[in-house]
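In: mind looking at a prediction? Sequence and model below.
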Number of protein chains: 2
Amino acid sequence: MVYSALLLGALAAAPAFGQTFRRTAACPKLGCVFPPDQTDFIAGQTFDLRIEVQAPVNGSEAYNNGQVDENFSVKIGGEGGELVDIAQFFGLSDPKLEKYNFTYYEDLFAEDAHAPTPVNVAAKSYRNLQLHTPGTYELVLTYNNGDTTKATWTVADLAEQKKAKNVIFFVGDGMAGSMLSAARLLGHKTINGKYQSKLKLDEAPGYGSQMTHSLDSFITDSANSASALFSGKKMTVNGLNAYTVRFAIRFKISKQPADDRASTGVSLVDSQPSLTLSSSTGKAFGDPKVETIFEMFRRIEGGQVGIVSKAYIADATPAASQRSQYTAVIEQYLTGVAGNYSWFPWEGVDLLFGGGAENFLPGPGNNNVSQFDRWASEGYQVGYTKTELEAFDNAQRALAIFTRGNISTWLDQNIYTDLLDLAITPQGERGARDQPGLKDMTLKAIDILHTRAKERNTGFMLMSEAALIDKEMHVLDIDRALGEVLELDDTVRATLKHLEEIGELEDTLIVVTADHGHGFDVFGSADTKYLQQQESDRAKRNAIGTYQNSGLSAYQVPQDVLATNHTIFDSPQGEGFPVTWDPRYTIAHGWAAFPDHREDFEVNTDHERLPAVKNTTGYFFNPEDNQRGFAMTGNLGTGEGQGVDVPVYAFGPGHEYFRGVMNSPDLAFKVALALDLGKSSNVTASYKK
Amino acid sequence: MVYSALLLGALAAAPAFGQTFRRTAACPKLGCVFPPDQTDFIAGQTFDLRIEVQAPVNGSEAYNNGQVDENFSVKIGGEGGELVDIAQFFGLSDPKLEKYNFTYYEDLFAEDAHAPTPVNVAAKSYRNLQLHTPGTYELVLTYNNGDTTKATWTVADLAEQKKAKNVIFFVGDGMAGSMLSAARLLGHKTINGKYQSKLKLDEAPGYGSQMTHSLDSFITDSANSASALFSGKKMTVNGLNAYTVRFAIRFKISKQPADDRASTGVSLVDSQPSLTLSSSTGKAFGDPKVETIFEMFRRIEGGQVGIVSKAYIADATPAASQRSQYTAVIEQYLTGVAGNYSWFPWEGVDLLFGGGAENFLPGPGNNNVSQFDRWASEGYQVGYTKTELEAFDNAQRALAIFTRGNISTWLDQNIYTDLLDLAITPQGERGARDQPGLKDMTLKAIDILHTRAKERNTGFMLMSEAALIDKEMHVLDIDRALGEVLELDDTVRATLKHLEEIGELEDTLIVVTADHGHGFDVFGSADTKYLQQQESDRAKRNAIGTYQNSGLSAYQVPQDVLATNHTIFDSPQGEGFPVTWDPRYTIAHGWAAFPDHREDFEVNTDHERLPAVKNTTGYFFNPEDNQRGFAMTGNLGTGEGQGVDVPVYAFGPGHEYFRGVMNSPDLAFKVALALDLGKSSNVTASYKK
């Protein structure tokens, strides 16, 4: 369809009702305040304030021919009190005015017509602020001859008592509640409607759910949602504990798959998405940042902090300003963001275990610096294998990176181990067989953190991420995804046991949640033998049994035994795992959003799944994938989103805070409450490396 | 594909690994006990025991040429005690031996080849039993020269105190957690990531989830799952508080759509599925029954009991032995199941409000009896309109049936009201405009129950079902389904308020849950204007915005206002409903299981949706449905199932019992605990009509 210039002119002149793209997230007027209206703070939580005044050159919000007002003012005051100049309020000198510009499209029609709207911006950043007195604050930005943008902020009450000394925060990336139902079905057996064993998560005394939407969109991604969980602030998509206000720039990133190496149809050894920020302040970490609960814990208590993930460690959830800035994220783990501007010193994480050696190796992207060498020179033990991990001195800080990209899935590490021949070592060789699982990394992390915390009389915080759940869901590889869910549950079980052994169970709050979900469900069973023997797509679909014809889980009996058999068969991988991964009767399952693909409901034993491949116009059926399956035309070209609330599980002191329906930022506040992180003055403790 | 007789012979002779069809649910050996092993009972809960010994004539379990053992014995005893003959234990005379036979297919190959397995059965039913002493019991069935089938039963501990006088149990049929996320998105507005108002359910102090699987399959339906919620026993699919053991017979029903008038592709004015039981004991309510908590409450306290549903009232959830036996179910509301055999007398529900007049009218299916006349002669007020409902005397029992089939959806009653011209009155005329909503029915039900309970110094129990959620989900009519969810939430809000007004809030436990879920999710927004103007299916899919491009809910602003606007606009339907139902940017959504259909992401304003229609080989695209949409080939021929855990919300005394991850039968036990229904002797109270 072709649009005339006349029609486009009309579109541009009329009020734009577009919402696919927005000028700037969380800024409906031309004056923007970040953190925005209705932000909540932990008392004493450090943050940056960014003020922008924008002037679109054309389009529905065109202002003053794009001439931007540089003479804006910002005032703030406590509830009911007098408003004073922001710099005066915080005892700062007024920062330098920044100017830049960007462009965006008002809607899809404008994009098709390549008719962007340029926007000029004047901005100021106020760095390293804290609010200590609980209550509400009013901020008023005045611009454009009297227009105002107001923000009411609330500082949460202080804790009445410190409940927990340590916190372990598990994140199942993309782990919807429906996946836990499915994982239970694979890993545990029912007899007459009763599970004979359950997920460890099913036993959590604290149980709730949380809403994952972002600051300015109802679908989130892993970066933004991790920020909400760890800083207590909803961010924009791709924002990592920082308000990445240049929405229009990031829009272009969204045309790349959101989870680069595992997104639907992207080769698993693909390169990173290219991110080019065109604005003058577009450097990494230039955006207004908010202190995470991990940073607060370190600053206030000098506590031990560890990060474990099965993904390449520079990926979204473990990191803390803008996603996809891999080298910068890694450097930040070591030295914080102090380099860019005045911020609290960061003495480095106590441990970092994961994949993604490619971001640590010297290359043009990071000035040919080996991050392995850098970390070693800072006194870190450095390891590349599970064997080296286990040999680490528990009293010393440690970096361990086991693979070039993501760590191999639980399924490949434990069942289809021939696939490890394809896994790439940090050094770039095929055959990375000496890899740890999430449980290995987590338990070793606890040992190091506990040993070091005990010596220093502090507590510890650990973030452990089952990161591959999401990556496997994006490629519709359900068996690998559910293997990761079961591995997470097994890791939580082992963690509780290990904490009891080392005497820390009573003092440790454990929180398990997801950063977002996936629209996924099991809706029956599939007789794969029958499916394979049918010739038409239509006939293959008759292999699906729903309702009573779904039967019982065939994953909990050997292949030649009926699922109705009441015998409890042991899994070779221990409690909570399937007895077999390729029964004749598998789970029939589906997604709410997916690309074109073929479905055969069988485990992929020879390779990880790749349902769709890209050609010049988008993602289509991969002719190599599931050749015996039936075709499904999708509803998505290139990716997948998710909008469902996700479950929250909590064990240990303070678990009772994590009950009922929550919003994602609430979790950071509840952790802060349990740890007593809110402070009525600027508290800093020394951290001993 | 053609199978030779030889191959079929081989299939029949080899061990069968089929599980699509089973010989009998929850009976892996040839001796069956219902209630089966691992059943839990409320102390004093009445139940039937059914024993079957089966002899397959051929197939993998062929026994003695199909000659069945008629000389089986059944013994029972308390934990560690001596086992005694079952009739002696319960002080009964030994029941008459029943004999019947049925056939089933061992798997899909056998079905395609029309090669059934006949099974001969000898059976005994022991009726009207109770176990009063908490603890475990052992039952042993001995048959076939020494084979045994054992069952261990547990009677739950008695309550320490009575917490609640009244219980209101809301069921959202098919209401998955993801639908609540979606309903919140339509009915409530976010500003900067914070909901400015929330679902009433979001505020529930008791919050958990429950597993919905059935006794012998991992996918349930509404009948079986309602049984679990109300009797505390998992049943087979289609079983309503009764073990419908003849699985092989019911298999044929499953070839009918499970939810007859609203199933995918079935005409909304279609007739009921035909159910023909071929066995000698196949009469309705012949199956072994279990007393529900409603029946216990009436028997023990003489309490008031009401049932409200938006579906035709003889449908699954409200009713209490086998689904689809419509006339029998209605008769049962009035007179119980006493007619068939010795069971407690049932003096009739106090009120029954819903749709489905067709099952009340005289016809060949019910001996030409008008149930309206029958109920009126029993002293019930009878009404057919909302006006008549509101005029009911609160002191008298009442029957109100408002439509021929289901009551109209909230969307049609409130927004697209022209569609009420098509709604059929109980008398069979088009234009049923004087219909109540769920809130109207529920509040009136509370008034009647409360008035009558107060006069009699008893409590009351009400079951109120948002029954059309599921029916609209089956036809992929998401707007109507979410309208029903919002109506349920609004009804809960109004119920809490009304209970406070009449002074019953402190004494009333409110539980809200679903009987099962749907694999459904919102994964982005759709620019419907853009979608309509694209010509190819492929290009239409580009109208979907995911992640940050999803934007904010456009249902909370008028059509010409951007969703980013921070103004709170009032909905014409009040708090918690959309401002507009047909914004340009709608929710992009999908299902895990669906038939072939077209998707345009627009509300159907002219008719309820019908995505697929049946031809001789199954369900295909309905050429009339969503003509501007893009095509999606499905993964199901005729229906849809669901396997996800569903949320549980509780308010009022005893709400704390409903926290964490539960199994569906647990809910009946928790209600019994709050009401103190467990009794150590046979308690009966008189009920005054």
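Out: Now that the structure is in, tell me what you want to look at.

In: assign a three-state SS to A:Leu419, would you?
Out: Here A:Leu419 is helix, with the state taken from DSSP: H, G, I helix; E, B strand; the rest coil.

In: residues touching the nearest residue to it once chain neighbours are set aside, list them.
Out: Excluding its sequence neighbours, the residue lying closest to A:Leu419 (CB to CB, 6 or more residues apart in numbering or on different chains) is A:Asp412, at 4.3 Å. The way it works is simple: take the backbone N, C-alpha and C, and place the C-beta from them, glycine included. Residues in contact with A:Asp412 (CB atoms under 8 Å, 6 or more residues apart in numbering or on different chains) are A:Leu419, A:Leu420, A:Ala423, A:Arg480, A:Glu608.

In: any idea how far the first one lies from A:Pro623?
Out: Spelled out, that is A:Leu419. According to CB to CB, to the nearest Å, A:Leu419 and A:Pro623 sit 21 Å apart.

In: these two - which one has more neighbours?
Out: More neighbours surround A:Leu419 than the other of A:Leu419 and A:Pro623, with 18 against 8 (other CB atoms under 10 Å in any protein chain shown).

In: does that one touch A:His607 like I think?
Out: Yes. Using CB atoms under 8 Å, A:Leu419 is in contact with A:His607, at 7.0 Å.

In: pLDDT below threshold where in the stretch 501-650 of chain A?
Out: Counting by pLDDT under 70, the stretch 501-650 of chain A shows low-confidence ranges at A:617, A:637-643.

In: which parts of it are strands?
Out: In the stretch 501-650 of chain A, the strands defined using DSSP state E, counting those that start in this stretch lie at A:508-514, A:520-527, A:544-545, A:585-591, A:597-599, A:612-615, A:618-621, A:630-632, A:646-651.

In: most packed of these?
Out: Comparing the strands of the stretch 501-650 of chain A by mean neighbour count (mean count of other CB atoms under 10 Å in any protein chain shown), strand A:520-527 ranks first with a mean of 30.

In: ok, and for the longest helix along chain A, which residues are buried?
Out: The longest helix of chain A (DSSP state H) is helix A:478-501. Using 16 or more other CB atoms under 10 Å in any protein chain shown as the test for burial, helix A:478-501 gives A:478-496, A:498-499.

In: now do stretch A:83-102
Out: A:Ile86, A:Phe89, A:Phe90, A:Leu92, A:Pro95, A:Glu98, A:Tyr100, A:Asn101, A:Phe102.

In: can you tell me the closest non-neighbouring residue to the first one?
Out: What that stands for is A:Ile86. A:Val74 is the one closest to A:Ile86 (CB to CB, 6+ apart), at 4.2 Å.

In: state the three-state secondary structure for the one you found.
Out: Relying on three-state DSSP, one would call A:Val74 strand.

In: cool, A:Gly44 as well?
Out: Under three-state DSSP, A:Gly44 comes out as coil.

In: sorry, back to before: the longest helix of chain A: how far from the chain's middle?
Out: 19 Å (CA atoms, centre = their mean, to the nearest Å).

In: and the angle from it to strand A:646-651?
Out: Relative orientation of helix A:478-501 versus strand A:646-651 (axes from the mean of the first three to the mean of the last three CA atoms, to 10 degrees): 20 degrees.

In: hmm, helix A:478-501 touching chain B?
Out: No. Shown here: helix A:478-501 not in contact with chain B (CB under 8 Å from any CB of the partner chain), separated by at least 10.9 Å.

In: would you confirm that A:Gly459 contacts A:Gly303?
Out: Yes. With contact defined as CB under 8 Å, A:Gly459 counts as touching A:Gly303 (5.1 Å).

In: any residues in contact with both of the two?
Out: By CB under 8 Å, 6+ apart, the residues touching both A:Gly459 and A:Gly303 are A:Phe297, A:Ala453.

In: show the subsequent helix or strand relative to the helix or strand containing the residue nearest to A:Leu419.
Out: Secondary structure from DSSP states H and E places A:Asp412 in helix A:410-414. As assigned by DSSP H and E, the chain's next helix or strand after helix A:410-414 is helix A:438-456.

In: quick one: the residue in the stretch 51-200 of chain A positioned nearest to chain B from A:Tyr555, how far?
Out: Relative to chain B, the nearest point of the stretch 51-200 of chain A is A:Gly193 (3.1 Å; CB to the nearest CB). Going from A:Gly193 to A:Tyr555 by CB to CB gives 17 Å.

In: more neighbours: these two, which one.
Out: A:Gly193 (28 against 24).

In: OK, contacts around the more buried one?
Out: B:Ala26, B:Gln38, B:His213, B:Ser214, B:Leu215, B:Asp216, B:Ala228, B:Lys234, B:Asn663, B:Pro665.

In: out of these, which touch chain A?
Out: For chain A, the contacts drawn from the contacts of A:Gly193 by CB under 8 Å from any CB are B:Ala26, B:Gln38, B:His213, B:Ser214, B:Leu215, B:Asp216, B:Ala228, B:Lys234, B:Asn663, B:Pro665.

In: can you check the pLDDT for the first one?
Out: Meaning B:Ala26. Turning to B:Ala26, the model gives it a pLDDT of 88.

In: what helix or strand is it located in?
Out: Per DSSP H and E, there is no helix or strand for B:Ala26.

In: burial of it, as a residue count?
Out: 29.

In: for the stretch 551-689 of chain A, which segments count as helices?
Out: Assigned by DSSP state H, counting those that start in this stretch, the helices in the stretch 551-689 of chain A fall at A:664-675.

In: let me fix that: the stretch 251-400 of chain A
Out: A:293-301, A:326-335, A:371-377, A:386-391.

In: just to revisit the earlier point, so the longest helix of chain A versus helix A:438-456, what angle?
Out: Using the same axes, to 10 degrees, helix A:478-501 lies at 30 degrees relative to helix A:438-456.

In: ok, and the closest non-adjacent residue to the closest residue to chain B within the stretch 201-350 of chain A?
Out: Among the residues of the stretch 201-350 of chain A, A:Lys234 lies closest to chain B, at 3.0 Å counting by CB to the nearest CB. Excluding the flanking residues, the one nearest A:Lys234 by CB to CB, 6+ apart is B:Gly193, at 3.0 Å.

In: same thing with A:Ile502?
Out: A:His450 (5.7 Å).

In: same check on A:Ala543?
Out: In space, A:Ala543 is closest to A:Leu531, 3.6 Å off (CB to CB, 6+ apart).

In: pretty sure that neighbour contacts A:Phe601?
Out: Yes. A:Leu531 lies in contact with A:Phe601 (CB under 8 Å); the separation is 6.8 Å.

In: buried stuff in the strand of greatest length in chain A?
Out: In chain A, taking DSSP state E as the definition, the longest strand is strand A:117-129. For strand A:117-129, the neighbour count (16+ other CB under 10 Å) marks A:Thr117, A:Val119, A:Asn120, A:Val121, A:Ala122, A:Ala123, A:Lys124, A:Ser125, A:Tyr126, A:Arg127, A:Asn128, A:Leu129 as buried.
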